[in-house]
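Enquirer: Build the 3D model from these lines:
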Amino acid sequence: MANIYSLDGKVKGSIELPEVFSVEHRPDVIQRAVVALQAGRRETYATYPIAGLQTSASYQGRRQSFRQTINKGMSRLPREKPGGGGLGRVRRVPQSMGGRRAHPPKGKDWFKKINRREYMLALKSAISATVDRALVKERGHLIDNVVGIPLIVEDKFEQLERTKDVLSSLESLGLSEDLERAREKNLRAGRGKMRGRKYKRKKSLLIVVNKDSGIKAGADNIPGVDVAEVSELDVELLAPGTHSGRLTLWTESAIKNIHRIEDGSIQGVVVSADG
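Expert: The predicted structure follows:
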């Protein structure tokens, strides 16, 4: 049994946790699932197939052609065909202006497949890790003042549309320290600073609701906080960076409808048939 808390942090009732919260912790399977999700978002690394080849230039041969390079002191390479006859600049070849690359990347598909049953085991294992106080603390969350783990609140929480109200409720539940931890941003090392991701932030609270009645808008601007409906849960949300035990807030309806994770489709991951 687990306590249900009101918006002001007081015990309102209790609820029996579903069986999914007692699944064995499998960090190895969780890591495979998260890597598969991340690989599915990665674009194929390759050049444009006809890069440098969109030109009228072609090699005309030595003889039997109006446009010839023989006896003209011109290299025998593909050249443009300007209007009125004759030959223009060299194109197509790597050493020419605007030509193709000499050794372009051949193209690599980063997708990784994972069996459906293995992914579901990872998802259930990541869910069960959210109620393990030792794992949550080991992941770096500050939970000494949190009213309870698992943290389950009444359904009124789903209707909070203002950031001020959401923060007030989270503070009443004892989450202030962990939210403050996520406010700090660190300068990223390496070239990522040049590519639109100069700073890094820590992950804080994950809010799982049965239905979005305004909570996504209310918590959108809180650093480190993510909101997801039960049907939207994936392993990476529950175990960012492959590390399970994320501090998670569940609404009462989300706990009652958690069986929907097996009924819905798995989004964002390429799965193969069970085998």
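
Enquirer: Distance of the nearest residue to residue 201 once chain neighbours are set aside relative to residue 102?
Expert: Spatial nearest neighbour of residue 201, excluding adjacent residues (CB to CB, 6 or more residues apart in numbering): residue 185 at 5.1 Å. (C-beta placed from N, C-alpha, C; glycine too.) For residue 185, the distance to residue 102 equals 41 Å [CB to CB, to the nearest Å].

Enquirer: So between those two, which is more surrounded?
Expert: Per other CB atoms under 10 Å, whichever of residue 185 and residue 102 has more neighbours is residue 185, with 13 against 8.

Enquirer: Next up, phi/psi of the more buried one, please.
Expert: Per-residue torsions, residue 185: phi -120, psi 140 (degrees, to the nearest 10).

Enquirer: Check residue 44 too.
Expert: As for residue 44, its main-chain torsions (degrees, to the nearest 10) stand at phi -60, psi 130.

Enquirer: likewise residue 186?
Expert: The phi and psi torsions at residue 186 (degrees, to the nearest 10) take the values phi -110, psi 150.

Enquirer: what's the domain layout of this structure?
Expert: Domains of the chain are assigned by automatic domain parsing as 2-40+111-272, 47-104.

Enquirer: Next, format these as JSON lines and append mean pLDDT.
Expert: JSON lines is the format used below for the domains of the chain (pLDDT from 0 to 100):
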{"stretch": "domain 2-40+111-272", "mean pLDDT": "92"}
{"stretch": "domain 47-104", "mean pLDDT": "84"}
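
Enquirer: Just name the most buried of these.
Expert: domain 2-40+111-272 (a mean of 17; mean count of other CB atoms under 10 Å).

Enquirer: Just give the nearest non-adjacent residue to residue 82, would you?
Expert: Once flanking residues are discounted, residue 82 sits nearest to residue 88: 4.6 Å by CB to CB, 6+ apart.

Enquirer: Let's verify the one you found: helix, strand, or coil?
Expert: Put simply, residue 88 is coil when judged by DSSP: H, G, I helix; E, B strand; the rest coil.

Enquirer: show me the contacts for it.
Expert: Residues in contact with residue 88, defined by CB atoms under 8 Å, 6 or more residues apart in numbering, are 57, 79, 80, 81, 82.

Enquirer: Centre of the chain to stretch 32-43, how far?
Expert: Centroid separation for stretch 32-43 versus its chain: 8 Å, with CA atoms, centre = their mean, to the nearest Å.

Enquirer: can I assume residue 257 is in contact with residue 210?
Expert: Yes - Residue 257 sits in contact with residue 210 when judged by CB atoms under 8 Å, with a separation of 5.1 Å.

Enquirer: shared neighbours of those two, anything?
Expert: Counting by CB under 8 Å, 6+ apart, the common neighbours of residue 257 and residue 210 are residue 230.

Enquirer: Tell me the secondary structure of residue 14, please.
Expert: strand.

Enquirer: Kindly provide the distance from it to residue 128.
Expert: Using CB to CB, residue 14 is found at 19 Å from residue 128.

Enquirer: quick revisit: including distance to residue 223 and secondary structure, could the contacts of residue 88 go into a markdown table?
Expert: Rendered in a markdown table, the data for the contacts of residue 88 read as follows (distance: CB to CB, whole Å; DSSP: H, G, I helix; E, B strand; the rest coil):
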| residue | distance to residue 223 | secondary structure |
| --- | --- | --- |
| 57 | 54 | coil |
| 79 | 58 | strand |
| 80 | 55 | coil |
| 81 | 59 | coil |
| 82 | 59 | coil |
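
Enquirer: And the residue nearest the centre of the chain?
Expert: Central residue of the chain (CA atoms, centre = their mean): residue 38, 5.9 Å from the mean position.

Enquirer: Need the nearest residue in space to that one, chain neighbours excluded.
Expert: Spatial nearest neighbour of residue 38, chain neighbours left out: residue 236 (7.1 Å); criterion: CB to CB, 6+ apart.

Enquirer: Can you list the residue ranges for strands in the chain?
Expert: Assigned by DSSP state E, the chain shows strands spanning 2-5, 11-15, 114-115, 151-153, 185-187, 199-201, 206-209, 226-229, 248-251, 271-272.

Enquirer: among those strands, which is nearest residue 24?
Expert: Nearest of the strands of the chain to residue 24, taken as CB to CB: strand 114-115 at 17.4 Å.
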